[in-house]
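# Structure here, sequence nowhere to be found:
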């Protein structure tokens, strides 16, 4: 499994589905319109939407008036669903599992493996706790945005 970071693909997928959620209608939206609204490159967006369709997050309609709609309610789609659909499982990295009997192969390895697994779980829970409906409310000014990272004084202490 690759190291967890939200890739460009994950960001674009999230932006595309947020655009559909903000639209708030069941009328299909063309890839061209989604690309224009979000500023995303249309050819890449087409690939991403196909992956999202395969994951059951969007439905498509062909022909005149065709395009994409959310397959589920924005309340039922999380950022974790979206990122996993295009990037695979949310994990911090593929470091292996810590030994549970206290016997580590290398000095300090097991404690770090446990820390990386814990951090990955926090990221997964955080992304699974953010729904498209929440993001749409934030974008519309109806709900506060996430707080920016706070300065805990470490930068000053390090320099």
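Thanks, I have the structure now. Keep in mind the model is a prediction, meaning the values are calculated, not measured.

# Which elements pack onto the longest helix seen in the chain?
Looking only at the chain and at elements set by DSSP state H, the helix with the highest residue count is helix 109-128. Counting by 3 or more Cβ pairs under 8 Å, 6 or more residues apart in numbering; DSSP states H and E, the packing neighbours recorded for helix 109-128 are helix 79-87. In this view, the C-beta of every residue, glycine as well, is placed from N, C-alpha and C.

# Name the residues of stretch 46-56 that come out as buried.
For stretch 46-56, the neighbour count (16 or more other Cβ atoms under 10 Å) marks 48, 49, 51, 52 as buried.

# wait, the last one sits on residue 85?
It refers to residue 52. Yes. Checked against Cβ atoms under 8 Å, the pair residue 52 and residue 85 is within contact range at 5.6 Å.

# Could you name every residue contacting both of those two?
Common neighbours of residue 52 and residue 85, counting by Cβ atoms under 8 Å, 6 or more residues apart in numbering, are residue 13.

# Who are the contact partners of the residue nearest to residue 77 when sequence neighbours are not counted?
Counting by Cβ to Cβ, 6 or more residues apart in numbering, residue 132 is the residue found nearest to residue 77 once chain neighbours are left out, at 4.7 Å. With contacts defined as Cβ under 8 Å, 6+ apart, residue 132 is in contact with 17, 18, 21, 70, 74, 75, 77, 78, 79, 82.

# Check residue 49 too.
16, 31, 34, 58, 60, 68.

# any idea how far the residue nearest in space to the middle of the chain lies from residue 127?
By Cα atoms, centre = their mean, the chain has its centre lying nearest to residue 83, at 3.4 Å. When Cβ to Cβ, to the nearest Å is the yardstick, residue 83 and residue 127 sit 6 Å from each other.
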